[in-house]
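Trainee: I'll drop the sequence and a predicted model, then ask my questions.
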Amino acid sequence: MMSFFDVRSLSMQMILSFIGVVILTSAAVGLPAILLIRDQLDRQAWSQVDQGRRASLALYEAKRDEVESLAHLTSQRPTLIELLAQENWGALEDYLETLRIGALLDLVLVCDAQHNAIASVETSISTDICNSWSEGGFQVLSTESHPQVWLIGTYPVEDNGNNIGEVQVGIVLNNDFANLMHDETGLEHTIWANGQPVATSFDTYIEQLGTLPHQEISPATAGEAIFSAFMLTGRPYYSVQTPLDKTGIEAEVALSVADIATTQSRLAWTMTGSIFTIAMMGSIIGIFLANRISKPLVRLADTAEAFRKGDMSSSVVVGEQVREVAQVAQALESARIDLKRTLTNLEQEKAWVNHLLESIVEGIMTLGHDGRITYFSQGAERLTGWSQEDVLGFSCDDIFNLPETERSFSQCIPDSGSRSKLVVELADKNHATLAVTAASFAPTAARETQTVLVFRDVSDEEFFRRILGDFLANIVHEFRTPLSAAAASTELLIDQAPDLNDIELQELLNSLYLGILGLQTLVDNLLEGASIEAGRFRISPHLSDIGTIIGKAVETMHPLLEKYGQRMVVELPTAIPVVIVDARRVEQVLVNLLSNASKFGPGESEIAISVIVENDWAKVLVADRGPGISREQRKYVFHRFIHPGSIKDSAKAGAGLGLSVVKAIVEAHGGQVGVEDRPDGGSIFWFTLPLME
C-alpha cells in the first residue's frame, strides 16, 4: 500500500514537472524571440519616422528657397516697377492678384521704402507686417480662432539703382499644406506654433490634437528633435517634432504603428496559445493518470465537501482498492447518519421559530451590552428598509438616526416594560414614527444580558391624528367666525333696527349674507367631500352657457369682493362657448376658486376670470394677486386638508376641502385642473370643460 501511495505521489510530481518544463521551455524560447522581433519592428518604425523628418526638413528648405525665388522674380518685373513708380495703386493691386494666382501664392504685398504697405492681395492681414516680416522666413500671425504660420520671402524693388520699395510674398502653412507634405513623405504632418497645433493632415480637429498627451521617447538623437508617442482616435502613433527656426515654429511627422502593435499582439497571442495548448495536453495526460491513482480519495473529498455545504443525503461510497480509505469512508458514513438525524430535529425547531417570527408584524431587534445589533427580524427589515446584512454587528446609534432630537437612539430607549414613540430616519431617508417597547433577557449560552426592542410603525396614526386635530380646529374656526359675525349683525338689527339708516342697514345685511354664504360654501364642500369619499358623487351634465355660469358665480361673490375693495375683471371670447356640464357644480367650482382668490389676495387688488377655447375644450382661468404657490406645494394643493400657499395667518387656513372638491368636480366632467404662476405675482388656477360637439 505504501508503495502504491509513493507511486501515486511520484506520478503527480511527474505530471506537474512535465507541465512546468513545457511551460518554461516554451517561454524561454518564445519570449526572447518576441522581444527581439518587437525591438526590430520598433527600430524600423523609428527609422522611418526619422527619415520622414529629414525629408520634411528638405522639403521645407526647398519651399523656402522657392518662396525667396518668387519674391526675387516678382521684384524684378518691369510692370511692377513701372506701376510702383507711377503710384497707380489700383492697377498695381490687380497686377499683384494676377501674379499671386499665377505663382500659387497666398500673399503678395508691396511696401514703400519706409516699410508702409502700399498694395496687398490679402486684406485679412494687418498692414504693419511690412516691418515685422521684413526679414522673411517663417512667421506666426495671431488670429481670432488660432495662429497661422506663413512662409515669407522678401526682396527690395529698385528703379535705376534707387530703392523704391520692397516685395513680400508668402504661402500659409495650413491643412492643405500639411496634406501636401503628407503626400510627399507618406507620413502624417502637423505644424506647431508656440506649442499649439495650427495645421495638420490628420482627419480631426486641431483643438482635439492640441490636447493629446505626448509621451516622450528617445530611440535616437537627432539634434533638437523630440521623439514621442501618442494615441489619436484609438490608433497609436510614433512622432518626431523638429523646430523649423527660432520663432517657436515646429514641424511634426507621425507614423501610425497600429499594424506593428497588431503584429506584436498577434505574436504574443500565438505564443500564449501554443503554451496553453501544450500545457492542456500535459494536463489531460496528468489528469488521466491522477484519476486512476487517486480516484477513491477524490470521491471521499467530494463527499466531505458536500457534508460541509449541508448535503447529508448522499451516502459515502468509495471503492475497496485502498483498505484505509474504505475504513475512513465507513466511519464518515456513520457520522453522516447521526448528524443528519440531529440536523433534521434542529431544522424543524428553527422552521417553527422562523415561522413564528415572520408572522409577527412588529419589528424585533436585540442589542448587546455595547449597543450593537445582534438580531434583526424580517418585520424589522420591512419597517425600516435595512436588511440584516446592513445592520448586524453595527451600533444602533450608527443605524438609527433621530432627526427631531440631538440625543442618540440608545439614550432614548425606554426602560424595560415601558413604551415610547421615536421619530426615526429610515434607510430611504424618510422619517417614520415608531412605537418602541423594551425588555431585557439573558440567553442560555450568553454571559451578559441583552435588550430586546419591539417596535411598530405608527406614522399613519400620528399623521391622521394630527390632520384630524387640524381639521377639527379649522372646521370649528370656519363655523365660529361667520356665526359670530351673523350673531353680532342680528343682535344689532334686533336692538337698533328702527334707528339705523339705509347704509348701516345694508352693511349689516351684507355681513349676514357673507356669513351665510361662507357657511353655505363650507357645508357644500363638506357634503361634496363626504359624497366623494363614499363614492356617491355624481354629476348631471347639460348644455350650458359658460358666460351665464360665470355671471352667477360673480354675482354670488360680489358682496365679499366689495367688502375688501377687490375688483373683478371678466374676459370672455366674442363667441361665448357652450359647454356640456352640470351648471350648479361648475358654479360651485368658481365660487371656491373666487373665495380663495379673495381670501389670499390683498385688499384693493384685481381678480380676473378669463375663458380660452382650445380644440374641444373651454379653459377657464381665475387669476389673483396672492402670495403664490411654490412648485413643491403644487402637487399637493388639490389634496384634502392641504391649504394653498404658505399660510402665516391661521385665520385664513380654512378646512382644506375646497380645492379637493374643485378637482373632483372638474375630473368628473372629464376635464383637468392646475395652477401656475401669474406674471408680476400671484397665482392662476385653471380648469377645462368639454365644449358642445
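Mentor: That came in fine, so what should we check first? As the structure is a computational prediction, the values presented were derived from the model and not from experiment. Residues are numbered from 1 along each chain as shown.

Trainee: Thr688: what's it in contact with?
Mentor: Contacts for Thr688 were tallied using CB atoms under 8 Å, 6 or more residues apart in numbering; they are Glu614, Trp617, Ala618, Lys619, Val620, Val666, Gly671, Gln672, Val673. Backbone N, C-alpha and C define where each C-beta goes, glycine included.

Trainee: Is Asn179 part of a helix or strand, or is it coil?
Mentor: Assigned state for Asn179: helix (three-state reduction, DSSP: H, G, I helix; E, B strand; the rest coil).

Trainee: In space, what's closest to it - neighbours in sequence excluded?
Mentor: Nearest non-adjacent residue to Asn179, counting by CB to CB, 6 or more residues apart in numbering: Ser201, 4.8 Å away.

Trainee: From Arg585, how far off is the one you found?
Mentor: Going from Ser201 to Arg585 by CB to CB, to the nearest Å gives 77 Å.

Trainee: related to what we said a few turns ago, surely the residue nearest to Asn179 and His182 touch.
Mentor: Yes. With the criterion set as CB atoms under 8 Å, Ser201 and His182 qualify as a contacting pair; they are 3.9 Å apart.

Trainee: Pull up the overlap in contacts between the two.
Mentor: Taking CB under 8 Å, 6+ apart as the contact criterion, the residues that touch both Ser201 and His182 are Glu188, His189.

Trainee: picking up where we left off before, what about the contacts of Thr688, which are in helices?
Mentor: Val666 (DSSP state H).

Trainee: a markdown table for the contacts of Thr688, including pLDDT, neighbour count and distance to Trp89?
Mentor: Below are the contacts of Thr688 laid out as a markdown table (pLDDT from 0 to 100; neighbours: other CB atoms under 10 Å; distance: CB to CB, whole Å):
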| residue | pLDDT | neighbour count | distance to Trp89 |
| --- | --- | --- | --- |
| Glu614 | 89 | 9 | 68 |
| Trp617 | 92 | 18 | 73 |
| Ala618 | 93 | 22 | 75 |
| Lys619 | 93 | 18 | 71 |
| Val620 | 94 | 26 | 75 |
| Val666 | 89 | 23 | 80 |
| Gly671 | 92 | 22 | 78 |
| Gln672 | 92 | 14 | 75 |
| Val673 | 93 | 20 | 77 |
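
Trainee: now the contacts of Thr688 in TSV, with distance to Asn592?
Mentor: Written out in TSV, the entries for these read as follows (distance: CB to CB, whole Å):
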residue	distance to Asn592
Glu614	23
Trp617	20
Ala618	18
Lys619	17
Val620	13
Val666	11
Gly671	15
Gln672	16
Val673	11
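
Trainee: List the buried residues of stretch 172-189.
Mentor: Neighbour-count burial for stretch 172-189 flags 172-175, 177-179, 181-182, 185, 187-189 (criterion: 16 or more other CB atoms under 10 Å).

Trainee: Now tell me what touches it from outside.
Mentor: 48-49, 52, 55-56, 59, 106-107, 138, 148-151, 171, 190-191, 198-202, 237, 251-256.

Trainee: Could you rerun that using 7 Å?
Mentor: With CB atoms under 7 Å, 6 or more residues apart in numbering as the contact definition, stretch 172-189 has outside contacts at 52, 55-56, 59, 106, 148-151, 190-191, 199-202, 253-255.

Trainee: Inside strands: which ones of those residues?
Mentor: Here DSSP state E is the test, and the contacts of stretch 172-189 give Gln148, Val149, Trp150, Leu151, Thr190, Ile191, Ala199, Thr200, Val253, Ala254, Leu255 as lying in strands.

Trainee: Of all pairs in those residues, which one is the farthest apart?
Mentor: Farthest-apart pair in the ones in strands among the contacts of stretch 172-189 is Trp150 and Leu255; separation 27.2 Å (CB to CB).

Trainee: These two: who's more crowded?
Mentor: A count of neighbours by other CB atoms under 10 Å puts Trp150 above the other of Trp150 and Leu255, at 24 against 21.

Trainee: need the contact list for that one.
Mentor: Under the criterion of CB under 7 Å, 6+ apart, the contact list for Trp150 reads Leu107, Gln139, Leu141, Gly170, Val172, Leu173.

Trainee: With adjacent residues omitted, what lies nearest to the last one?
Mentor: Right, the one you point to is Leu173. Counting by CB to CB, 6+ apart, Leu173 lies nearest to Val149, which is 4.3 Å off, once chain neighbours are set aside.

Trainee: Specify the beta-bridge partners of the one you found.
Mentor: Using DSSP bridges, the beta-bridge partners of Val149 come out as Val140.

Trainee: mind listing what it touches?
Mentor: Phe138, Val140, Leu173, Ile191, Ala193, Val198, Ala199, Ile249.

Trainee: One more pass at 6 Å, please.
Mentor: Val149 is in contact with Val140, Leu173, Ile191, Ala193, Val198, Ile249, counting by CB atoms under 6 Å, 6 or more residues apart in numbering.

Trainee: burial measure for the closest residue to Gly626 other than its chain neighbours, as a count.
Mentor: Taking CB to CB, 6+ apart, and ignoring the residues beside it in sequence, Gly626 has Phe600 as its nearest neighbour in space, at 3.7 Å. Counted by other CB under 10 Å, the residues lying close to Phe600 total 22.

Trainee: Repeat that for the one 5 residues further on.
Mentor: Residue neighbour count, defined by other CB under 10 Å, stands at 18 for Ser605.

Trainee: Tell me if I'm right that it and Arg625 touch.
Mentor: Yes. Counting by CB atoms under 6 Å, a contact exists between Ser605 and Arg625, whose distance comes to 4.2 Å.

Trainee: mind listing the helices in the stretch 251-400 of the chain by residue range?
Mentor: 258-308, 323-358, 378-384, 388-391, 396-399 (DSSP state H, counting those that start in this stretch).

Trainee: Give me the pLDDT value at the residue nearest to Asn179.
Mentor: Note on Ser201: pLDDT of 85.

Trainee: now the one 5 residues further on
Mentor: Ile206 carries a pLDDT value of 65.

Trainee: And Ile612, how far from Pro541?
Mentor: Taking CB to CB as the measure, Ile612 falls 21 Å from Pro541.

Trainee: Settle it for me: which of the two has more neighbours?
Mentor: Neighbours per residue (other CB under 10 Å) separate Ile612 from Pro541, with Pro541 holding more: 17 against 14.
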